[in-house]
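Trainee: got a structure for you, letters missing:
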Ligand SMILES: O=C(O)/C=C/C(=O)CC(=O)CC(=O)O
Ligand SMILES: [Ca+2]
Ligand SMILES: [Mg+2]
């Protein structure tokens, strides 16, 4: 039960209660603003700041996304969050705030921030082991570097899209091992990857030391790293994922502030062999986030984020340890979240074991990889304070015919 109530009279189990307050960008007609969600409503932040209800140093005024606010830094984030809790909590402000609220259903949810660089990690031990077995059956499943550094690759920032955006089936080169030559055509093995993405707010001019994670990272979103397995298998040796993953990457419209995830912090995994000093945190922690993957409405998997081997702080420290700077809007995804059980896997290539074990959906049809018209929706919740739950909302997308 949530002890701190809101005058909006939300149910105790509302995933968008007063302890969450995720940020978004939204539009109506040709206008775009930033907002914060409470229940099924959005408070227009530019309007609140413009009327003097909120002091964010101009971070919301005239802004169509969260980049300026994200760059303002933790003291501003904390001050705004505290003030929003007051405005949306205590009924004292109802008269001033109520006219600035919109229904979620009445607005167009936009990409919440402009994505600077996009990086994707590979931090689930179970996922890395499964894909090793499937892609490299004759080799050791886990490659020798895996326990020493968070393996990752740079993806394509410009094709990150907001939930609800269609995903045309990608075309490209593919060649099965028993075929003599590659052919060009639509992917026949289109897959998903359920992940959690972390967003950099405060830029750095070089390495971000591991213990500075909270000073730089603003919040988290859900990610679907759509993956064309046939394109990927043929193209990605030895340089890594390329066109098989760069056609679209979908994210949820809500950026859950790191502060809303305090109650979800969980001890980090034990790491053997011990990691190098730059990857050792004073407070080694991950997050307990329970993910659910639905395929045309049927729940097919529940990946547990708490089991990830590498933490978001380690990932950011590693990502910049060579002297690369971090920029506002940098998005780095966790890597596919898979747990040890078959119904905890974050990709369908694992869930159906490369198509060998089709799964049945509630409508009686079966699936291995995605068909045109299929919709995948990934949702997640995390523990909040006082027994509440923090909702991430969803990242959804429908596969359409090749363009
Ligand atoms: O192990 C491989 O050969 C391939 C792995 C992936 O495709 C996964 C990837 O994109 C990273 C991740 O999401 O964990
Ligand atoms: Ca991925
Ligand atoms: Mg992608």
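Mentor: Great, that's in hand. What you are looking at is a predicted structure, and each value in this text was computed from that prediction instead of being measured. Numbering: from 1, shown residues only. Ligands and ions are numbered 1, 2, ... in the order given.

Trainee: use CA for all of it now, contacts and neighbours both
Mentor: Fine.

Trainee: contact residues of the stretch 51-200 of the chain facing ligand 1?
Mentor: By C-alpha under 6 Å from any ligand atom, the part of the stretch 51-200 of the chain that sits against ligand 1 consists of 121, 122, 123, 128, 131, 132, 135.

Trainee: centre of the chain to stretch 11-23, how far?
Mentor: Mean C-alpha position of stretch 11-23 versus that of the full chain (C-alpha atoms, centre = their mean, to the nearest Å) differs by 18 Å.

Trainee: now the end-to-end length of it.
Mentor: 20 Å (C-alpha to C-alpha, to the nearest Å).

Trainee: mind listing the strands for the stretch 101-250 of the chain?
Mentor: Using DSSP state E, counting those that start in this stretch, the strands found in the stretch 101-250 of the chain span residues 101-103, 108-110, 118-121, 152-154, 160-162, 167-168, 171-174, 183-186, 190-191, 194-200, 217-224, 227-228, 249-251.

Trainee: out of these, nearest to residue 284?
Mentor: Residue 284 lies closest to strand 217-224 among the strands of the stretch 101-250 of the chain, at 15.7 Å (C-alpha to C-alpha).

Trainee: follow-up on the earlier one: between the strands of the stretch 101-250 of the chain, which gets nearest to ligand 3?
Mentor: Ligand 3 sits nearest to strand 249-251 of all the strands of the stretch 101-250 of the chain, at 4.1 Å, using C-alpha to the ion.

Trainee: give the next helix or strand downstream of that closest one.
Mentor: strand 256-257 (DSSP states H and E).

Trainee: what does the helix or strand just after that next one contact?
Mentor: Per DSSP H and E, the first helix or strand lying C-terminal to strand 256-257 is strand 265-267. Residues from elsewhere that reach strand 265-267 (C-alpha atoms under 8 Å, 6 or more residues apart in numbering): 284, 285, 286, 287, 288, 306.

Trainee: could you redo the last one with a cut-off of 10 Å?
Mentor: Strand 265-267 has contacts (C-alpha atoms under 10 Å, 6 or more residues apart in numbering) with 258, 283-289, 306-307, 311, 382-384.

Trainee: before we move on, what about stretch 53-62?
Mentor: Counting by C-alpha under 10 Å, 6+ apart, 32-35, 44-50, 65-72, 76-77, 79-81, 83-84, 87, 93, 96-97 sit against stretch 53-62.

Trainee: which parts of the stretch 51-200 of the chain are helices?
Mentor: Secondary structure of the stretch 51-200 of the chain (DSSP state H, counting those that start in this stretch): helices at 67-71, 74-89, 94-97, 125-135.

Trainee: of those, which approaches ligand 3 most closely?
Mentor: Closest of those to ligand 3 is helix 125-135, at 16.4 Å (criterion: C-alpha to the ion).

Trainee: buried ones in that closest one?
Mentor: By 16 or more other C-alpha atoms under 10 Å, the buried positions in helix 125-135 come out as 125, 126, 127, 128, 130, 131, 132, 133.

Trainee: please state the offset of that helix from the chain centre?
Mentor: Its chain's average C-alpha position is 21 Å from that of helix 125-135, according to C-alpha atoms, centre = their mean.

Trainee: and the average pLDDT for it is what?
Mentor: Across helix 125-135, the average pLDDT comes to 96.

Trainee: show me what it is packed against.
Mentor: Under the contact definition 3 or more C-alpha pairs under 10 Å, 6 or more residues apart in numbering; DSSP states H and E, helix 125-135 sits against helix 348-351.

Trainee: gap between the two ends of stretch 10-29?
Mentor: 29 Å.

Trainee: in that stretch, what's buried?
Mentor: Quick answer for stretch 10-29 (16+ other C-alpha under 10 Å): 10, 12, 14-27.

Trainee: tell me which of these has the lowest pLDDT.
Mentor: Scoring the buried residues of stretch 10-29 by pLDDT puts residue 12 last, at 89.

Trainee: off-centre distance for the lengthiest strand in the chain?
Mentor: Identified as the longest strand of the chain according to DSSP state E is strand 389-400. How far strand 389-400 lies from its chain's middle: 10 Å, per C-alpha atoms, centre = their mean.

Trainee: so it versus strand 217-224, what angle?
Mentor: Between strand 389-400 and strand 217-224, the angle comes out at 40 degrees (axes from the mean of the first three to the mean of the last three C-alpha atoms, to 10 degrees).

Trainee: how about CSV for the residues of the stretch 51-200 of the chain next to ligand 1, with distance to residue 354 added?
Mentor: What follows is these, written out as CSV (distance: C-alpha to C-alpha, whole Å):
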residue, distance to residue 354
121, 21
122, 19
123, 20
128, 14
131, 10
132, 12
135, 9
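
Trainee: any idea how many residues pack against residue 391?
Mentor: By the criterion of other C-alpha atoms under 10 Å, residue 391 has 25 neighbours.

Trainee: tell me the contacts of it?
Mentor: Contacts for residue 391 (C-alpha under 10 Å, 6+ apart) come out as 13-17, 20-22, 254, 256, 260, 289-290, 379-384.

Trainee: that concludes my questions; thank you for your assistance.
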